[in-house]
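[1] Test case, fold it:
(2 chains)
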Amino acid sequence: MKRIITAIFLLVNLTAVAQNLDSLEVGEKYSITDSDYNNDSVEMADIMRSNGKIYVVVGVILIIFIGFIIYTISLDRKISKIEKEVFKEKVNS
Amino acid sequence: MKKNWWKFLTVAILIYTIVGGLLLDAPRLSILNETIRNQHFHVTMWFGMVILLTGSMVYAIKYLRSGKTDFDDKSVELANAGILFGVLGMLTGMLWAKFTWLAWWSGDPKQNAAAVCLLIYFAYQVLRNSIADEQQRARISGVFNIFAYAAMIPLLFILPRMTDSMHPGNGGNPGFNFYDLDSRLRMIFYPAVIGWTLLGVWIAELKLRSRRIERALEEE
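    From the prediction side, this is the model:
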């Protein structure tokens, strides 16, 4: 029952507010318009944005990313050090 | 710093991608909801893979023409980085599909084609490991690399467009075509492609340098 109501709701909203997907031809592109940025019919993470929790998500991902980058940079430096040793030796020998 | 400026650029672009990708406005599209932001992560993995594997093929050709082992080293490390990106693209795609297409695997033509491409490149790695002689290994795998790339292009870009596919931009998909991004999404998407690809190049470069060191140590 909930699905039927949601489906009807979506159909009504899609036809009224956004481009009608049914009227597109096969292969035709759906252009994203301002109504796609402003509509109320599609559920998004608005609550997380309004209570600031989205920043937690961003923070977590950034921490992970920076962690990997620090590791990569330390690898890079280690390799540079070894390169200097090995290739200097070869030039000297 | 002269040699490494692009690494700092990579980090900067990727931080921008993560922050912008999550915080900037995204179009509110049904079924996708917020997952459209995956574009900057899942789709960019595949773009990165194709760019890296193109580089790998170019170096394979250069090796076959000149016989210089450095070209073969570059070819294999770019291929390995490309395969890593492909695997990540596959896994992220499956997760995305689970929640939007309602199944980890739908038998979507592009999904299947991507799996076949990955299998072909896994075979490339197995092939390399099975040949003991270095020169032979480089030559045979170089030729295989070219064939693998030649198979990948129609598999990923041509065949899925000719049949029914749920991937945006493919098949008789009457819905939105993500390749027709509006500028707001593109502002993150294009730099993201560059950022992730440069990260792949960085990874390949580190492994290449390790290889060169090993080679130099062996020769002593």
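[2] what about the helices in the chain?
    Went with chain A since none was named. A:2-16, A:34-38, A:46-50, A:53-92 (DSSP state H).
[3] ah, I was thinking of chain B
    Going by DSSP H, chain B shows helices at B:5-23, B:42-66, B:69-100, B:109-130, B:134-153, B:159-162, B:183-219.
[4] can you list the ones you listed in CSV and add mean pLDDT, distance to chain A and mean neighbour count?
    The way it works is simple: take the backbone N, C-alpha and C, and place the C-beta from them, glycine included. Conversion of the helices of chain B to CSV gives the following (pLDDT from 0 to 100; distance: least, C-beta to the nearest C-beta, whole Å; neighbours: other C-beta atoms under 10 Å in any protein chain shown):
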stretch, mean pLDDT, distance to chain A, mean neighbour count
helix B:5-23, 94, 5, 17
helix B:42-66, 96, 14, 21
helix B:69-100, 94, 13, 20
helix B:109-130, 96, 15, 17
helix B:134-153, 96, 19, 17
helix B:159-162, 84, 9, 17
helix B:183-219, 92, 5, 18
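[5] Any idea which of the helices of chain A has the lowest pLDDT on average?
    Confidence, taken as mean pLDDT, is least for helix A:2-16 of these (a mean of 60).
[6] Surely B:Met45 and B:Gly89 touch.
    Yes: proximity of B:Met45 to B:Gly89 meets the contact threshold set by C-beta atoms under 8 Å, at 3.5 Å.
[7] about what we covered before: compare the helices of chain A and report which one is nearest to chain B.
    The minimum distance between chain B and the helices of chain A falls on helix A:34-38, with 3.8 Å, by C-beta to the nearest C-beta.
[8] Now that closest one: buried residues?
    A:Asp36 (16 or more other C-beta atoms under 10 Å in any protein chain shown).
[9] CA atoms only for that helix - export them in PDB, please.
    Extracted in PDB, the C-alpha atoms of helix A:34-38 (Å, rounded to 0.1, in the frame of the first residue of the first chain):
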ATOM      1  CA  ASP A  34      17.400  23.600 -11.800                       C
ATOM      2  CA  SER A  35      14.200  21.800 -10.800                       C
ATOM      3  CA  ASP A  36      16.400  18.800 -10.200                       C
ATOM      4  CA  TYR A  37      18.400  20.800  -7.600                       C
ATOM      5  CA  ASN A  38      15.400  22.400  -6.000                       C
END
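[10] what's the distance between it and the middle of its chain?
    When C-alpha coordinates are averaged (C-alpha atoms, centre = their mean, to the nearest Å), helix A:34-38 and its chain have centres 18 Å apart.
[11] Please name every helix or strand in contact with it.
    Helix A:34-38 sits against no helix or strand, with contacts defined as 3 or more C-beta pairs under 8 Å, 6 or more residues apart in numbering or on different chains; DSSP states H and E.
[12] Report the central residue of the chain.
    Reading this off chain A. Of all residues in chain A, the one closest to the mean position by C-alpha atoms, centre = their mean is A:Val58, 10.5 Å from it.
[13] Sorry, I should have been clearer: chain B.
    B:Met49 (1.1 Å).
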